[in-house]
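[1] Structural data only, the sequence is not supplied:
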């Protein structure tokens, strides 16, 4: 009895493993909608790359502006101390 169960389980395992290995490949012929979709996806990836580059530039620019503002406060502070002396 156990041998039959093992045989059935092994058969089911083989059956399901082959069934899952068989892939369905459907090629849709190119049409205007498919080509537009592909073009939109390519543009979207380009725009996302540009956006990431701009985020880096904005971050760097903001850091430079912050450094200049802090330098201005420091120089104003030093100038006031000199005037008070």
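    Cool, the structure landed. Keep in mind that what you see is a predicted model, and the values were worked out from it rather than measured.
[2] now the residue positioned nearest the centre of the chain: how far from residue 27?
    In the chain, the centroid-proximal residue (Cα atoms, centre = their mean) is residue 48; its distance is 8.4 Å. Taking Cβ to Cβ, to the nearest Å as the measure, residue 48 and residue 27 are separated by 28 Å. Yep, even glycine has a C-beta here, placed from its N, CA and C like the rest.
[3] Equivalent analysis for residue 43, please.
    Here the criterion is Cβ to Cβ. By it, residue 43 lies 24 Å from residue 27.
[4] quick one, which of these two is more surrounded?
    residue 43 (10 against 5; other Cβ atoms under 10 Å).
[5] related to what we said a few turns ago, any idea which element the residue nearest to the centre of the chain lies in?
    Secondary structure from DSSP states H and E places residue 48 in helix 32-84.
[6] what's the distance between that helix and the middle of its chain?
    Once both centres are worked out by Cα atoms, centre = their mean, to the nearest Å, helix 32-84 turns out to sit 19 Å from its chain's centre.
[7] Before I go, just wanted to say thanks for your time.
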